[in-house]
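Enquirer: give me coordinates for this.
(chains A, B, C and D)
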Protein chains: 4
Amino acid sequence: MSLTAKYLKTRKHTENICSPLHTEDYVVQPIADVSPPKWHLGHTTWFFETLILKPNLKGYQEFNPDFAFVFNSYYESLGARVIRTQRGNLSRPTVNEVYQYRVYVDEAMQQLLSTPISSELETLIVLGCNHEEQHQELLWTDIKYILGNNPLLPAYEEAHPSAYAAPQPASYTHIKAGVYQIGYTGSDFCYDNELGVHQVYLQEAEISNQLVTNGEYLEFLNIGGYKQFEHWHAEAWDWVKNNAVTSPMYWYQIDGQWQSYTMHGLKRLDLNEPVSHISYYEAAAYAAWKGMRLPTEFEWEVASGSFDWGLRWEWTESAYLPYPGFARVPGPVGEYNGKFMVNQKVLRGASAFTPPNHSRNTYRNFFHPHLRWQLTGIRLAR
Amino acid sequence: MSLTAKYLKTRKHTENICSPLHTEDYVVQPIADVSPPKWHLGHTTWFFETLILKPNLKGYQEFNPDFAFVFNSYYESLGARVIRTQRGNLSRPTVNEVYQYRVYVDEAMQQLLSTPISSELETLIVLGCNHEEQHQELLWTDIKYILGNNPLLPAYEEAHPSAYAAPQPASYTHIKAGVYQIGYTGSDFCYDNELGVHQVYLQEAEISNQLVTNGEYLEFLNIGGYKQFEHWHAEAWDWVKNNAVTSPMYWYQIDGQWQSYTMHGLKRLDLNEPVSHISYYEAAAYAAWKGMRLPTEFEWEVASGSFDWGLRWEWTESAYLPYPGFARVPGPVGEYNGKFMVNQKVLRGASAFTPPNHSRNTYRNFFHPHLRWQLTGIRLAR
Amino acid sequence: MSLTAKYLKTRKHTENICSPLHTEDYVVQPIADVSPPKWHLGHTTWFFETLILKPNLKGYQEFNPDFAFVFNSYYESLGARVIRTQRGNLSRPTVNEVYQYRVYVDEAMQQLLSTPISSELETLIVLGCNHEEQHQELLWTDIKYILGNNPLLPAYEEAHPSAYAAPQPASYTHIKAGVYQIGYTGSDFCYDNELGVHQVYLQEAEISNQLVTNGEYLEFLNIGGYKQFEHWHAEAWDWVKNNAVTSPMYWYQIDGQWQSYTMHGLKRLDLNEPVSHISYYEAAAYAAWKGMRLPTEFEWEVASGSFDWGLRWEWTESAYLPYPGFARVPGPVGEYNGKFMVNQKVLRGASAFTPPNHSRNTYRNFFHPHLRWQLTGIRLAR
Amino acid sequence: MSLTAKYLKTRKHTENICSPLHTEDYVVQPIADVSPPKWHLGHTTWFFETLILKPNLKGYQEFNPDFAFVFNSYYESLGARVIRTQRGNLSRPTVNEVYQYRVYVDEAMQQLLSTPISSELETLIVLGCNHEEQHQELLWTDIKYILGNNPLLPAYEEAHPSAYAAPQPASYTHIKAGVYQIGYTGSDFCYDNELGVHQVYLQEAEISNQLVTNGEYLEFLNIGGYKQFEHWHAEAWDWVKNNAVTSPMYWYQIDGQWQSYTMHGLKRLDLNEPVSHISYYEAAAYAAWKGMRLPTEFEWEVASGSFDWGLRWEWTESAYLPYPGFARVPGPVGEYNGKFMVNQKVLRGASAFTPPNHSRNTYRNFFHPHLRWQLTGIRLAR
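Expert: This is a model prediction of the structure:
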């Protein structure tokens, strides 16, 4: 696919995700981690305007200089940003203006792409597309949160999902002790945090070929797992008690029956479906209760050829740290990954919300251990 | 005016206030005290549906049973309410649905009003209209807050306001010591908190015939009034420091010149205009600095025939307390006023945002002493 | 009594209150409203040193210049203060040093008092003694809180209190409508907030000659009073829910029996004893449940000759506001009362912890409506 | 040394650390991370009473059953605990009672140790001694915090420390790429988190033979390091701004000169001394500014034979995670380490406050990345 086609396809897909929304759904921000869809639409556009068009397209006029203030994210080097918890207070710019902003930037980008561009610039545009793909996944999870926490529990779309098949019998991939190579060695796009190809020594281990299902997780809940401190990390136990956590997010027990909120509204809990919307704390507690553990990100990467993945982001035991030789690039692009490398956990895999071809087996996703509005799940190791 | 005409006029006026808004403006809630315009539209409608239509119109079907949950306010006796600080998280029901809800209830109300109704019911409908008028004023102040705290500072409307005339020379209304009668004695609508006509003994006093202007208040600011603890109550001083308050709300010093945000956008501060958007704390500190004080609500009521009022809600020194003989009516209507009679201050007068004929000289408005998103001002006494 | 005798008696009484304490008891501050006993001992001494000795005793050397920082209270005009919530973090100065400070200041005060002093200075010394008496009451209530919130529930002293007699049959003092005079007209010491003698007009009313007992209050609790919003102010109801309040402070239900923590340890609740340690919110809710109300401070003052008082500080309906003509004295003494005249309620009477002769029927005590670590009670009116 | 001698020596050393304190110093808790010295004295004693005496010494009578409640720590399996932030509110038990408790338990321990004991029990007693040694270090750091945050800045002891010699010229230990063995292989005591001897593959690296000095760190401060976001992790930068951090803890700039609070009071900053009382955030930002990084805990362990260590706990880049094969022991001892293995950073080395022989080159200390009341420092790698 040409770069222009790749660019336009990415941009279109973002708008497709939003097409079932009402104007009001674009505006709200129920919790700090969730951003209004309007903001995602504007922020991904601001990225192309600021990092690509302004330095590279001669005569480019900013759409609206105030937007830099409104749609900035964490890019400290580019000036003042709207504090994350205030995004849901902004009724302006309107949704309509944000879509006009997208059209304006897309036209300028096509103008730029119709000229010869350097390989450095191409790399940056590909980064912008990958950045927007990450926000596509966040759009899904944030829309789910916005609708799933509305007392009317509206559906995103009315389609009828098919039931999951019963899981296969348990099986494990064996990892022999020894030195393995880790990191991305291909020639396509990858993030800086996957680079720094290096060796690691792994001990002998086994890693499950299946994800933990809702039915399996329900056993943990039913034996009282949320009331027994011994399965939990100390700070996880505080989290359970302070937030009165008694089940995965979006689970509701109604008239004695477990239901869960889905993009199609409230549905009876499918016991064969991989469990989702759980925190690292819950994943680790479940594993401890089973007498097992979560895999490290290295074990996962080494074994990943032996099992399917792509349904859930899978919590690993690994903290999100730089690979050997990792160094932040100077300037705003260098703020992309490195500055988050403390107090977060690596997730591997991809989820049903991840755009096609966006993930790979060296991809390092990361979130704080208490978060669960993402499509997160559990794969066990021992 | 017939009751039907009164009802329809009130309802229409609410929608007129909202007509310049974009859909997005109806949704957000930047601070807990401000409610989304959408919520005001729904809540005033819910009041008529719940207290008037459901008990009185045979065969009335609720528009949507879930709305009781969404649009309930403080009426504890009527079931669960949406916590005030969560109103801005709700994208549904949509603005369109809320307007449909208004049409539906208005039709049912007209049906009810076309039949003979008891005087008790008439009283309740008039209360509903007055309730909606109170929310009309809140709509103005909440819209001002929503737009005035957006980084783009959009105008509500573009009209050009005329300048204020220079204030008249200072003059005072003299009150002789003695016993005076307080409270509403007319036969039209009034709130329960104005009833309980009773005598009070007033000491000799003088009350200003003018409101304090921006220019006068600016002197207080310029001599360092916000940095001198001696003018302030102890908790007011904590408020000044904790919130880094240095001027009235909506004042901005830009390039050495004072501007203020108005419904027409940012304008140069009009020194002849009565000061507004100040807290009781600021009003009391200003009065202390002038060696004067705020009037009590009784002094204000007794003297109110001698001066104009209607531009600002005027902070009084009086705490909001029940008049002798005040008793809460059983049921939800009884929750209207009595339960707020602690830790609030009485304001007298009316503001430029108050609907015509909504106020009177016995009217008791009340707010917490730190609040200033209302159109509040200062009249001095001594 | 001579001024010297008055001074020394006051100082000695403070130390007597502390004599049963262990060193550790002097140091802690379990909540912000409670101050460590060590701080009370130092602060009352600092008052004499700063306002009396330093300006009036030639050649006086401060005991320790750092103490001004440690023992300052709310007196903004006298420089930096230790924030109230940090007092319990200070292990130094030691208790021993604080007692040495008292000895040092007492000797200097006796030296000053052996010389002729002006009547202005005498007034200030009497104020200092009354200030210390106020802190004597706080010492009692703070010690009770420190011991009564320790998991070991230690007694302050082991004496066996005698049981309360059964209350007299209900009786009421009748107040005729008319103009009454309010405020202190004697020639002895009073606070500035009692001055400004003035007339008030009272409506006809009746005020109970008895305090509400534990037994009567228990009925309110037993019928579910803490679970029924209709008796409570809106902010009171929030307070009940946010703090999970289900009974007066220091009440514990153990094996189905009500006990209360007293200065003599945990004792069976005495049903004849006046209820205590209740907030204004609870007092007002109880009164509402009984179909009555709390008296205003003016009704209380007018009727006070007809009943005993002195066991409990009695919540009134009146907000704490300046009397007509009240003006703050310039300088630190002027910070004594006026700056607290917002958002507090007046209490009249005196408590079992009040020093003898400290109160009078014009005395205006005041606290925020949610507080209940003071010895507060209920007298009803109608 | 016999086990009895080891036990008694450990217990005595704890009391020696406290000998310069006043009674008041034992009681306070200025921040949640710091515990009152009284609590350390009681908690270490409670450990022996609960885990050793009660199950193993026939006829042993608890000193006071309430103490289990007061001196419990994080041991969830042993019942209710006093919440960490409330320890400073407890004036009882008194310091004297706590010392009596120590005598009582020490006598019972000597009685037990005079009988034949199993090797399992011996292991547990050695664990108790190591546990108390850990609290000895916390006693030092907590006492420093209590005195160093008192406005009087009292010294712990008056001795005059000698100046540090100028640091040696920079030199580095070279680590060759390859597989190394990690973990404790000796036969003496170690913690469970050091077991699980295993291989790791290290890339080629260099690790400094010196700690960063105050003088070197001051350069970072002087060039504006605390004002330049680009050196900091995202959450570190929030920490800097929210807490207005501008220097290491205990540094004060007085009349243009840097001083630091030490156990001997306020002293001029010694530029040759290794920097201390810095968070991981500061250590990582300093390293980033120097174009270097912190070592991993594995690099540190492999290189540790080539340099001195023992002055500072040295932050590493490694997150605190279980070694391969780590499993929590059932019961309270199993709560010792495993449950903290999330969101903390490993520190290697030992500090000037660490008891002699308590550390070793496989020892894994751990703290949250924002904490700095411990004696923490920086060693660089590249």
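Enquirer: only C-alpha atoms from now on, for both contacts and neighbour counts.
Expert: Fine.
Enquirer: output the lowest mean pLDDT helix or strand found in chain A.
Expert: helix A:67-71 (a mean of 86; mean pLDDT, DSSP states H and E).
Enquirer: quick one: name whatever helix or strand follows it.
Expert: helix A:95-113 (DSSP states H and E).
Enquirer: tally of neighbours for the residue in the stretch 251-382 of chain A that chain B sits nearest to?
Expert: The nearest approach of the stretch 251-382 of chain A to chain B comes at A:G265, 14.1 Å away (CA to the nearest CA). Neighbourhood size, A:G265 [other CA atoms under 10 Å in any protein chain shown]: 19.
Enquirer: for it, give me the pLDDT.
Expert: You'll see A:G265 listed with a pLDDT of 93.
Enquirer: who does it bridge with?
Expert: Beta-bridge partners for A:G265, by DSSP bridges, are A:T262.
Enquirer: what about it, distance to chain C?
Expert: Between A:G265 and chain C the computed distance is 32 Å (CA to the nearest CA, to the nearest Å).
Enquirer: and that residue, what is it in contact with?
Expert: A:G265 makes contact with A:L153, A:P154, A:A155, A:Y156, A:E158, according to CA atoms under 8 Å, 6 or more residues apart in numbering or on different chains.
Enquirer: that one and A:P161, how far apart?
Expert: Distance of A:G265 to A:P161, given as CA to CA, to the nearest Å: 11 Å.
Enquirer: roughly how far is the helix or strand hosting A:Q259 from the heart of the chain?
Expert: Here A:Q259, judged by DSSP H and E, is contained in strand A:257-262. Mean-position distance between strand A:257-262 and its chain equals 22 Å (CA atoms, centre = their mean, to the nearest Å).
Enquirer: packing partners for it?
Expert: With contacts taken as 3 or more CA pairs under 8 Å, 6 or more residues apart in numbering or on different chains; DSSP states H and E, strand A:257-262 sits against helix A:119-148, strand A:251-254, strand A:265-268.
Enquirer: and it, what's buried?
Expert: Buried residues in strand A:257-262, counted by 16 or more other CA atoms under 10 Å in any protein chain shown: A:Q259, A:S260, A:Y261, A:T262.
Enquirer: turn those into CSV, columns for pLDDT.
Expert: Converted to CSV, those look like this (pLDDT from 0 to 100):
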residue, pLDDT
A:Q259, 95
A:S260, 95
A:Y261, 95
A:T262, 96
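Enquirer: let me know the closest of the residues you listed to A:Q181.
Expert: A:T262 (38.9 Å; CA to CA).
Enquirer: now that closest one: how far from A:D270?
Expert: 11 Å.
Enquirer: what does chain A put close to chain D?
Expert: Counting by CA under 8 Å from any CA of the partner chain, chain A comes close to chain D at A:76-77, A:179, A:198-203, A:229-230, A:232-235, A:317-319, A:321, A:324, A:338-344.
Enquirer: just the buried subset of those, written out for ChimeraX, thanks.
Expert: ChimeraX command restricting these to the buried ones, with burial defined by 16+ other CA under 10 Å:
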select /A:76,179,198,199,200,201,202,203,229,230,232,233,234,235,317,318,319,321,324,338,339,340,341,342,343,344
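Enquirer: so what's A:A236 up against?
Expert: For A:A236, the contact set (CA under 8 Å, 6+ apart) comprises A:Y281, A:E282, A:H370.
Enquirer: next one: A:Y60, what pLDDT does it get?
Expert: Value for A:Y60, per-residue pLDDT: 97.
Enquirer: that one: how many residues sit nearby?
Expert: Counted with other CA under 10 Å, residues neighbouring A:Y60 total 14.
Enquirer: just say helix, strand or coil for the closest residue to chain D within the stretch 51-200 of chain A.
Expert: The stretch 51-200 of chain A approaches chain D most closely through A:V200 (5.1 Å), counting by CA to the nearest CA. The three-state label given to A:V200 by DSSP: H, G, I helix; E, B strand; the rest coil is strand.
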